[in-house]
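Novice: just the structure for this:
(3 chains)
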Amino acid sequence: MSDVLVEVKNLKKYFGGKKSLFNRHPDTVKAVDNVSFEIYKGETLGIVGESGCGKSTTGKMIMNLLEPTEGSVVFQGKDLTELTGQKGRAARQKFQMIFQDPYASLNPRMTVRQLLTEPFKIHGIEKKNERAKVNKLLELVGLNAYHADRYPHEFSGGQRQRIVIARALALNPDLIVADEPVSALDVSIQSQILNLMKKLQRELGLTYLFIAHDLSVVEHISDRVGVMYLGNMVELTDKKSLYREPLHPYTQALLSAVPVADPTVKKQRVILKGDLPSPSDPPTGCVFHTRCPFAMTQCKQNKPVLQDIRGDQHFVACHLYNGSAESEAKLKKQIL
Amino acid sequence: MAEKVLDVVDLETHFISDGKVVKAVDGVSFHLYKGETLGIVGESGSGKSVTSLSVMQLLRNTPGKIVGGTIQFGTLDIAHASDKQMRKIRGNQISMIFQEPMTSLNPVYKIGRQLTEGIILHKNVSKKEATQRAQQMLEKVGIPRAKQILNEYPHQLSGGMRQRVMIAMAMACDPEILIADEPTTALDVTIQAQILELMNELRETSQTSILMITHDLGVVAEMCDRVVVMYAGQIVEEAPIEALFAQPKHPYTQGLLASIPKLGEEVEELTSISGTVPTPETMPSGCRFEPRCPYAMARCKEQNPVLKADEDGRVYRCWLQEEGSHE
Amino acid sequence: MTTIQENKVAATQPASPWREFWKKFKRQKLAFASAIFIVLLFIVALIGPWIAPFDYTKADYSQILQGPNDKHWLGTDAFGRDILSRILVGTRTTLLVGLSAVLAGAIIGTILGLLSGYYGKWIDSLIMRFCDVLLAFPGILLAIGIIAILGPGMINVVVAVGIFTIPMFARIVRSNTLVYKNSLYVEATRSLGAANLYIIFRHILPASFSSIIVYFTMRLGTAILTAASLSFLGLGAQPPSPEWGAMLSAGRDYLTTAPYITYFPGLAIMLTVLAFNLLGDGLRDALDPKVKD
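Specialist: Numbers count the residues shown, from 1 in each chain, chains lettered A, B, ... in the order given. Below you'll find the model as predicted:
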């Protein structure tokens, strides 16, 4: 697992901010603000966060669907953000994406066969054995060969998501960016798709970047998990450490907010005050300080850096762990 | 908990389009006690939302129609009530909050006007009194700057704030029943936690009965006293909350509980219910869950079991009841 | 994980978009009748000269200005030419002018609309301002202006009518493009690595086809009417030609003495335009997803 497949460096995406005749001081929305991480070969890296945290924007920048304002996405020694046109397309063959809404992500005018062969057509791959390839793909995702000549509207949500996955597999990708792939599905179908994704990962050695808001789904599927808040990565570590010992106050609040499907458990809940600040006017210093129960004076002034505080690959961006007297005192209180 | 505020018996709601009849709700019976929270759980197509819309008589402008059964609310049978009678009840004695607060608030009117409208209509008070009441309600649901918010438009509020406004609006006339149709599904987890806490507080202070319609078993576990599980237009199990989670009886409920990944629990593969919910065209003639049921027997294909209590008093719809226990 | 349930769903009749369309279209009685009428028109346009009972150019001075009778069903004109024969033969000119004008306008308009909607920015501004300018003139006035520059004649009528058809198509296709450009399946295709032109022609254009076809049909009626008007004004087909508008023009002088000379070509124009409009309405109801369900 030590091989790095993709390295994301200082990725930024600012929207708007263009001066015009009527708006001389436009708001810049910092959707993603300086995010860096690595995706290891064969792992599932989960990214969780609430709406507007920039997790989908990050995924789209990796897929080159959005042009980053700054930063790079390095794959096989090349910075993908610099490749355009034909080269960019060729490089992107190895990255595929699965979307949230299986109803909208398939062209309703195309049959399943057309949808599944489209990747070959786009990349100019020759047509021989197309029928066999389609059958193989359908079989991989648990559908049948005779499904190939039907239209998307004849399938249920779960089956459509299988088609979407089959399509993503057509070009033998290395990385699949899955943006909320199960959140539009019913609970009983969710587990089918999650199991399918795990099975495919085992069989085909896939790497996933799994973007979702559902913490339990992310815990189930991921090896490592990153938590995003307002365009920033606030915590990143392996699944076990994150869920057993969340360090960032936001992660702690997020985890405690998840309703537990067990009426006998009465959780001690950290209810966050207020709402998400507007990303066009983010707080100074640490972006979480306006809602943080442990906010200190320095949190308003300095932005904490994502760092490995104990040398065990548990990255967190929080001043509580900088060793100052004030933060030590706060930490003690937190434990009590 | 003895007083029933709502008693639904054999409710049948059908949708008719292109000459085809879809039995969205097919013989559903349940009741709601004063001050309790009853959860109706089900996946899409289970008929849970149509059930709630039937209780509000909100199917008039849809192809849906209540074709059988009764919905007893006090002395009135809602299933056979006139529009005029319903107008008196809606928003006054029974109110509803929806999944997407933005679509149920009118974007062109200020919050204050939308809140006072209902109060003036049902409580017969002056505009000034209504405004006061509206402000109180906003404060009660934890909205800061309540006075200013009255003069703002829905789009100026965040999703969580809008849902608070919806709750304030729904609770403004002290309803006996609050129907909450997926009230937190569109919200983020941290905001969801705030709203659920608020609903629990309000219930304790106002003694309003809540009908909670949701697909999220976590929300059910935290909010409800009793649960009704629906599948393909019918109730398949009804149980007190602890019993349902400790020992689900119907194979569907079992599958549903097993298929949600739980925080802090590590499993390689999730248990899943195979197949999909039947469409009207593929509706089985016997037990509706039979094609997906791991315990399906020959009898299940032929006859749909009835919903009844077993010797332990657990209510569910399954032939296994007669075969003895199954685990 | 494939189950019986999934197989059951799949075992039903495959419903292609075509079948759906046909099912919906058949229900529109008026549009269906119009479609049959239009098919007949096209047949007449093809075989008109062969089924015409008389030579449409041959003057017969013994038979001038006759009312409808059993020999000349629709009467004769001032030169004694059989009106029925002239209408039958003129169908070809009328349809050809309408079709080629709208086709040219539709193709250019569609391409401009696709480029405008997909690429946006300055391309969009440029194309849309050009369309605004064209749309600022009343259609017929614009056509007259163009013919004033190019000179009269059938080809120039086609050009004129074609040009004023462009902006309408450009706008419709542009608004469609804006919608589909941001649809999830287009983004999904882009994530597969598809190039812009591929997306435009394989996904956005087919998605806009239904609107284009509906508008094309309706526009045909207008184009035929405009072409006839231009001919009536003497700017299009010249007198000996049996173009319907030109026939109207020629019969104008006898309106009080022999009204049937103008009645029947006028009726032909009206029925044709009406049929295309009704067909367009029917197609819209059958194709437009907003009307669906």
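Novice: residues contacting the closest residue to chain C within the stretch 101-250 of chain B?
Specialist: The stretch 101-250 of chain B approaches chain C most closely through B:A232 (11.8 Å), counting by C-beta to the nearest C-beta. Where C-beta positions appear, they are placed from N, C-alpha and C, glycine not excepted. Residues in contact with B:A232, defined by C-beta atoms under 8 Å, 6 or more residues apart in numbering or on different chains, are B:D26, B:G45, B:S46, B:G47, B:V277, B:P278, B:M283, B:R288, B:F289.
Novice: could you do A:G158 as well?
Specialist: A:P102, A:L185, A:D186, A:I189, A:Q192, A:I193, B:T276.
Novice: out of those, who's near chain C?
Specialist: A:Q192, B:T276 (C-beta under 8 Å from any C-beta of the partner chain).
Novice: what's the ChimeraX line that selects buried ones from the contacts of B:A232?
Specialist: Of those, the buried ones can be selected in ChimeraX as follows, counting by 16 or more other C-beta atoms under 10 Å in any protein chain shown:
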select /B:26,45,46,47,277,278,288,289
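Novice: looking at the contacts of B:A232, which one is closest to chain C?
Specialist: For those, the nearest to chain C is B:P278 (7.0 Å; C-beta to the nearest C-beta).
Novice: give me the pLDDT for that closest one.
Specialist: Predicted confidence (pLDDT) for B:P278: 85.
Novice: quick one: residues contacting it.
Specialist: B:A232, B:P284, B:R288, B:P291, C:Q5.
Novice: could you look up the SS state of it?
Specialist: Classification of B:P278 by DSSP: H, G, I helix; E, B strand; the rest coil places it in coil.
Novice: how near is the closest residue to A:E126 other than its chain neighbours to B:E100?
Specialist: Nearest residue to A:E126 in three dimensions, chain neighbours excluded: A:F120, at 7.9 Å (C-beta to C-beta, 6 or more residues apart in numbering or on different chains). Noted for A:F120: a distance of 40 Å to B:E100, by C-beta to C-beta, to the nearest Å.
Novice: per-residue pLDDT, residue 27?
Specialist: All of this is about chain A. Reported pLDDT for A:D27: 70.
Novice: meant chain C, my bad for not saying
Specialist: 82.
Novice: now for it, how many residues are close by?
Specialist: Residues lying near C:R27 (other C-beta atoms under 10 Å in any protein chain shown) number 11.
Novice: if we can go back for a sec, pick the one among the contacts of A:G158 closest to A:L206.
Specialist: A:I193 (14.3 Å; C-beta to C-beta).
Novice: output the helix or strand containing the closest one as CSV - backbone C-alpha positions only.
Specialist: Per DSSP states H and E: A:I193 is located in helix A:187-204. C-alpha atoms of helix A:187-204 as CSV (Å, rounded to 0.1, in the frame of the first residue of the first chain):
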residue,chain,number,x,y,z
VAL,A,187,-30.9,1.5,2.2
SER,A,188,-31.3,-2.0,1.0
ILE,A,189,-29.9,-1.1,-2.4
GLN,A,190,-27.0,0.9,-0.9
SER,A,191,-25.5,-2.2,0.7
GLN,A,192,-25.7,-4.1,-2.6
ILE,A,193,-23.7,-1.3,-4.4
LEU,A,194,-21.2,-1.0,-1.6
ASN,A,195,-20.6,-4.7,-1.6
LEU,A,196,-20.2,-4.6,-5.4
MET,A,197,-17.7,-1.9,-5.2
LYS,A,198,-15.7,-3.8,-2.6
LYS,A,199,-15.8,-6.9,-4.7
LEU,A,200,-14.6,-5.1,-7.8
GLN,A,201,-11.8,-3.5,-5.8
ARG,A,202,-10.6,-7.0,-4.7
GLU,A,203,-10.9,-8.5,-8.1
LEU,A,204,-9.6,-5.7,-10.3
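Novice: how about the secondary structure of B:C287?
Specialist: coil.
Novice: also A:G226?
Specialist: strand.
Novice: run through the bridge partners of it.
Specialist: A:I47, A:L236 (DSSP bridges).
Novice: tell me how many other residues crowd residue 144.
Specialist: Using chain A. 13.
Novice: that's the other chain; I wanted chain C
Specialist: The burial count for C:I144: 16, using other C-beta under 10 Å.
Novice: elements contacting the strand or helix carrying it?
Specialist: Here C:I144, judged by DSSP H and E, is contained in helix C:139-150. With contacts defined as 3 or more C-beta pairs under 8 Å, 6 or more residues apart in numbering or on different chains; DSSP states H and E, helix C:139-150 has these neighbours: helix C:154-181, helix C:205-232.
Novice: chain center to the host helix or strand of C:G266, what's the gap?
Specialist: Following DSSP H and E, one finds C:G266 within helix C:260-287. A distance of 10 Å separates the centroid of the chain from that of helix C:260-287, by C-alpha atoms, centre = their mean, to the nearest Å.
Novice: that one: which residues count as buried?
Specialist: In helix C:260-287, counting by 16+ other C-beta under 10 Å, buried: C:260-266, C:268-269, C:272-273, C:275-287.
Novice: ok, stretch B:48-55 next?
Specialist: B:K48, B:S49, B:V50, B:T51, B:S52, B:L53, B:S54, B:V55.
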